[in-house]
Every structure is written in C-alpha cells, then in structure tokens.
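Undergrad: Next comes the sequence, and after it the predicted model I'd like to discuss.
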Amino acid sequence: GLEIQTIMFDRTTTDLLPQLLQVKAFKPDAIVNIGVGQPLDLIITQAHTTGLLPGAQMVTSYDAPARPQFWQLHGDKGVGINFIAFYSPKSELSDLGKEFAKRYQAKFNEPPVYAALNGFANAIVFAEAIKKANSSEPKAMIKALEEGSFTGWSTSTLTFPRAEGPLWHNWSPPLLVLRYATKDQTPATAEVAY
C-alpha cells in the first residue's frame, strides 16, 4: 500500500521549484531528500517555499544537518528535519572511540561526526589486522580480517565475514534517524527518532 513518487534532478540545478510543486501535488506524508551538498539545502529551502514543509516529514539521506552551518543556512526552517546518521554523541563509544572523541573535540572544538569516527576506526582496524597477520601483504591481511574480531569507535565488535553481495567483508554500522525539534540543536541533543 505504499505509494512512492521519484523525482530525478540535475545536481547542478539552482531551482527545484517545478519538481517540488510536482511533489506537493502528490501530497506526500514524507519526503526522502537525497540531495548532496547544495541540492540538499536547496530542497529544504524550496520545500518551505512551496508549503511542503513543515507539513510533510523530511528525512535527509546523510548527516549533513549535523554540521554547524545547517542552522546558519536554515534557521527556524531546520526545525523538524530528520536525518540519517550512523552515530550520535549519545552513542556508546569504545575506550578507543572515547579517546578519539576527546582529542577531536580538543582540536576542532566540536564533537566528531561519523565520517571522522569511521576513518579513525578504519586506520585502527587495518593496523590491528597487520599486527594479527604479522604482515601487510593483502592476502594475509584479508585472512586476518575474515578470522578476527576488532574494536573500532563503537562498542560493537567489528567482523568482516565472507558474505554475498554488498555485505562481502562489510561491517554495517548502527543506523539512526535523528530529528531536530528546536532551532540550533546539536546532534548531541537531537531526538533519536529511530
């Protein structure tokens, strides 16, 4: 019973009003905003212009609203936006993750976003795989990754089993949907909607 409308757009466009008017005519309950960078912000701004927001729920496909410039760009119009995240400052961190978050906060004066935590964890996991394999030779590292378990930024154990399709040697991070209920919230104070 789910009805879906898909609208494609050129990523270099500076006006999405015609497409958003089509969306408005569809009368959606929810909008999944898959814009990246400027198009994501344009969709939010012009969805307000057309009257789609705040009526429909909008969820962005990545954690762009976690960046401080989100509120500078959107002000009150950012209230009610939901966003996909793989991390929230409310997430439980491993000891390594806590140390990384502390150093990141000291250096950048803001809590780390998922991309920073994930990059850190990648480096730690590769270092540990080299240590377990006693080699940086790819086949030895693959064997160590397949057979071992690792600690990254989260308290979840990381494993890289053989699996079919996109899960081949892939660890899936926790998936969250965060929601801003008031202006100028940070991801640390955002409601965990899912």
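TA: In hand now; what should we look at?

Undergrad: where along this structure do the helices fall?
TA: Applying DSSP state H to the chain gives helices spanning 17-26, 38-50, 69-74, 95-108, 114-133, 138-147.

Undergrad: How about residues contacting the helix or strand of the chain with the lowest mean pLDDT?
TA: Taking mean pLDDT, DSSP states H and E as the measure, the chain has strand 157-158 as its least confident helix or strand, at a mean of 88. Strand 157-158 has contacts (Cβ atoms under 8 Å, 6 or more residues apart in numbering) with Ala121, Val125, Ser149, Phe150, Thr151, Gly152, Trp171. Glycine gets a C-beta too; all of them are placed from N, C-alpha and C.

Undergrad: Please report the distance of Asp76 from Thr186.
TA: 16 Å (Cβ to Cβ, to the nearest Å).

Undergrad: Please identify which of those two sits among more neighbours.
TA: Taking neighbours as other Cβ atoms under 10 Å, Asp76 and Thr186 compare with Thr186 leading, 15 against 12.

Undergrad: hmm, back to that, the contacts of strand 157-158: which two are farthest apart?
TA: Ala121 and Ser149 (13.3 Å; Cβ to Cβ).

Undergrad: For the two, work out which one has more neighbours and name it.
TA: Legend: neighbour count by other Cβ under 10 Å for Ala121 and Ser149, higher for Ala121 (22 against 10).

Undergrad: Could you find the closest non-adjacent residue to the more buried one?
TA: Gly152 (3.1 Å; Cβ to Cβ, 6 or more residues apart in numbering).

Undergrad: residues contacting the one you found?
TA: Counting by Cβ under 8 Å, 6+ apart, the residues that Gly152 touches are Ser94, Leu96, Gly97, Leu117, Asn118, Phe120, Ala121, Asn122, Ile124, Val125, Leu158.

Undergrad: Please identify which of those is nearest to Ser136.
TA: Once Cβ to Cβ is applied, the member of the contacts of Gly152 that ends up nearest Ser136 is Val125, at 13.4 Å.

Undergrad: State the number of residues packed around that closest one.
TA: Neighbour count for Val125, taken as other Cβ under 10 Å: 18.

Undergrad: from memory it sits against Ser149, does it?
TA: No. Counting by Cβ atoms under 8 Å, Val125 stays clear of Ser149, with 10.2 Å between them.

Undergrad: Could you report the neighbour count for Pro39?
TA: If we define neighbours as other Cβ under 10 Å, then Pro39 has 18 of them.

Undergrad: Need the pLDDT of it.
TA: The per-residue pLDDT reported for Pro39 equals 95.

Undergrad: Look up the closest residue to it, ignoring the ones flanking it.
TA: Pro39's closest residue in space is Arg11 (Cβ to Cβ, 6+ apart), at 5.8 Å.

Undergrad: What's the separation between that neighbour and Gly97?
TA: 33 Å.

Undergrad: Could you pull up the residues touching the closest residue in space to Arg179 that isn't next to it in sequence?
TA: Nearest residue to Arg179 in three dimensions, chain neighbours excluded: Ala193, at 4.3 Å (Cβ to Cβ, 6+ apart). By Cβ under 8 Å, 6+ apart, the residues touching Ala193 are Asn82, Val177, Leu178, Arg179.
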